[in-house]
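# Show me the folded form of this:
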Amino acid sequence: MLTRRRIVIGGIATASGLLCKTATDAGVDQLAPRVMRASDAVSAADLEVAERLTALPCFDGRALPLWTFQDGPQLPVVRVKAGAPFEATIKNSLPRVGEHITIHWHGLRIANGQDGVAFMTQEPIQPGGRGTYTFTPRDTGTYFFHTHCNSVEHFGRGLFGVLIVEGDETEPSDADIVLVMKDWRLSAERDFLPFTTDDGAAKAGTAGTVRAINGATRPTIDVPASANVRLRLLNVDPTRISEVGIEGAIASIIAVDGNPCRPMPLTSWRFGPASRLDIMLRSPKAGGVVRLLDYFAREPVVLAELSAAGAPRRRDRFAATPLKSHVFAKADLANAERLTATFSATATGAAVVANSDQSGLPIGALCLSKRSFWAINKQAWPSADHKLLGPPLFKLALGRSYIFELQNLTSQPHPIHIHGHTFEILSSSLRKLFPRHRADTVLLLPKERIEVALVADNPGKWMFHCHILEHQETGMMGHIEVA
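All right, here's what the predicted structure looks like:
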């Protein structure tokens, strides 16, 4: 039976930032947030990508060969200041011959050369090599970083980290909690199952078997009582789409994909892989419990519980405090050029779906499968290692406004991500969306059309892809060029 773990989170007013103490069984390391924080002037991170035997709580005591960024607690949370130079040194110590890496800083609007896409923005870091990323984040918010080749296996083995750019709060919250949603593909014996299958790749993705938050199944997190608690919820799963909600507290959405928005009461919010949601809630009195649930299931699933303890921090009526707005160029909708991106299945993908009773075989090529199941505008990503880029899907003029109509012609959902930019979500053909807000990843439902607007204000070649990683690696990826 999967065990529960208790996590004690301190308030962000402490000198070291977010504190996380874990109470685990002997010999079991929790995949819990560990903060890496430097001075306010210049922040730096020294990360080593390596294979490390780790026994997470949701592994029931079994140690598995995770690929991670650092020793000890396996989930780095890097906190930096907006406008402060940041430098990350990455060493590739992976044991597999030819397992090169690059690091993509998901959601950040940074220079193209620092975006971390193998062969397109940089030469990859080979095993035994080192690389350096240097940029100054201009946008506050909740982001994450990950590799961009062989992503299905890398995510499956735990190779990701959180990046928080501070400076957006107009009033400090009483607690600031990072919650990372990630399923694990484990057998009954708690060994790794194949990270991908043809059948999964040609459908909605190969799902995990064990659900977890910060590496634990249904953890209990201690929070201060009657307090304003900020939850930073990140979906870093390769496949899973969730519809999250809060029970036991009044809660509001205050940011989407790191982008501040006018506080919106949270009833439920459906979001897919690579999306983030910042939530502000008022915790109950001491002894009360708040539950984070996923309603996108036959029965609601409790993902985590917040247990209120201690003296009340606040006695006023709850109202979520807005975050400071980002500075961005707003699209000129009246004069924007309209472009259409269609997301479809290839003949191979349709054939796999039609013969789905056949057992799936693992897909193992670095960066991309040798099979192409998916396409954007009838173009499937053409190369097994990113070296052959093919023509861009779109050429955008620097500084011009665009409205993209994203058309999902398939029976599967697709979370669509554009590198180097954020966009405004305008409309949907199937559902009433929340008030307009900015994001870097938008979930396209089956047969849905969504319009998004952006200003092409970041020059370079930028990836444009589905973030169900098996879809990305089997064709549903391309790039746009801004010049």
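
# only C-alpha atoms for contact and neighbour calcs from this point on.
Fine.

# The residue sitting nearest the centre point of the chain in helix, strand or coil?
Among the residues of the chain, residue 274 comes closest to the average C-alpha position under C-alpha atoms, centre = their mean, at 2.8 Å. Applying DSSP: H, G, I helix; E, B strand; the rest coil to residue 274 yields a three-state assignment of coil.

# residues contacting it?
106, 234-237, 415, 441, 467 (C-alpha atoms under 8 Å, 6 or more residues apart in numbering).

# can you rerun that using 10 Å?
106-107, 143-144, 234-239, 257, 415-417, 440-443, 466-469 (C-alpha atoms under 10 Å, 6 or more residues apart in numbering).

# That one and residue 439: what is the separation?
Using C-alpha to C-alpha, to the nearest Å, we find residue 274 at a distance of 11 Å from residue 439.

# And residue 199, by the same measure?
From residue 199 over to residue 439 (counting by C-alpha to C-alpha), the distance is 30 Å.

# how many other residues sit next to residue 96?
Residues lying near residue 96 (other C-alpha atoms under 10 Å) number 9.

# What about the residue nearest to it when sequence neighbours are not counted, how many residues nearby?
The shortest distance from residue 96 to any non-neighbouring residue, by C-alpha to C-alpha, 6 or more residues apart in numbering, is to residue 127 (7.7 Å). Residue 127 is flanked by 19 other residues according to other C-alpha under 10 Å.

# before we move on, the earlier item: now, which of the contacts of residue 274 lie within helices?
residue 469 (DSSP state H).

# Out of the contacts of residue 274, which end up buried?
106-107, 143-144, 234-239, 257, 415-417, 440-443, 466-469 (16 or more other C-alpha atoms under 10 Å).

# re earlier: between residue 274 and residue 439, what contacts are shared?
Shared contacts of residue 274 and residue 439, counting by C-alpha under 10 Å, 6+ apart, come down to 107, 257, 417.

# Next one: the first one relative to residue 406, how far apart?
So that's residue 107. The value you get for residue 107 to residue 406, if C-alpha to C-alpha is used, is 19 Å.

# Wasn't residue 153 part of a helix?
Yes. Under three-state DSSP, residue 153 falls within a helix.

# Correct me if wrong: it contacts residue 238.
Yes. At 9.3 Å, residue 153 counts as touching residue 238 under the criterion of C-alpha atoms under 10 Å.

# Now the common contact residues for those two.
With C-alpha under 10 Å, 6+ apart as the test, residue 153 and residue 238 both reach 195-196, 469-470.

# looking at this protein, which helix or strand is least sure?
strand 20-23 (a mean of 30; mean pLDDT, DSSP states H and E).

# Would you mind naming the residues that pair with the nearest residue to residue 451 once chain neighbours are set aside in a beta bridge?
Computed as C-alpha to C-alpha, 6+ apart, the closest residue to residue 451 that is not its neighbour in sequence is residue 405, at 4.6 Å. Residue 405 has these beta-bridge partners by DSSP bridges: residue 340, residue 451.

# Distance check, residue 405 against residue 106.
From residue 405 to residue 106 the distance is 22 Å (C-alpha to C-alpha).

# neighbours of residue 290, just the number please.
So residue 290, with other C-alpha under 10 Å, has 22 neighbours.

# Can you name the residues that contact it?
220-221, 223, 246-250, 281-284, 304-308.

# Buried by neighbour count, from those: which ones?
Counted by 16+ other C-alpha under 10 Å, the contacts of residue 290 give 220-221, 223, 246, 248-250, 281-284, 304-308 as buried.

# Go through these and flag which are in strands.
Under the assignment DSSP state E, the buried ones among the contacts of residue 290 contribute 220-221, 223, 246, 281-282, 304-308 to strands.

# Out of those residues, the closest to residue 428 would be?
residue 246 (25.1 Å; C-alpha to C-alpha).

# who touches stretch 312-322?
With C-alpha under 10 Å, 6+ apart as the criterion, stretch 312-322 contacts 168-174, 224-230, 250-255, 260-265, 279-286.

# cutoff 7 Å now
Stretch 312-322 has contacts (C-alpha atoms under 7 Å, 6 or more residues apart in numbering) with 170-171, 225-227, 252, 254, 262-263, 280, 282, 285.

# Please name the bridge partners of residue 75.
In beta-bridge terms (that is, DSSP bridges), residue 75 pairs with residue 33.

# Relative to residue 142, how far out is it?
15 Å.

# So if I had to pick from those two, which one is more boxed in?
Neighbour totals were compared for residue 75 and residue 142, and residue 142 leads with 27 against 24 (other C-alpha under 10 Å).

# Just grab the bridge partners of that one for me.
Beta-bridge partners, per DSSP bridges, of residue 142: residue 164.

# Could you dump the ones in strands among the buried ones among the contacts of residue 290 into JSON lines and include distance to residue 392 and pLDDT?
Shown next, in JSON lines, are those (distance: C-alpha to C-alpha, whole Å; pLDDT from 0 to 100):
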{"residue": "220", "distance to residue 392": "47", "pLDDT": "95"}
{"residue": "221", "distance to residue 392": "46", "pLDDT": "94"}
{"residue": "223", "distance to residue 392": "48", "pLDDT": "96"}
{"residue": "246", "distance to residue 392": "42", "pLDDT": "97"}
{"residue": "281", "distance to residue 392": "43", "pLDDT": "98"}
{"residue": "282", "distance to residue 392": "47", "pLDDT": "98"}
{"residue": "304", "distance to residue 392": "42", "pLDDT": "97"}
{"residue": "305", "distance to residue 392": "45", "pLDDT": "97"}
{"residue": "306", "distance to residue 392": "46", "pLDDT": "97"}
{"residue": "307", "distance to residue 392": "50", "pLDDT": "97"}
{"residue": "308", "distance to residue 392": "52", "pLDDT": "97"}
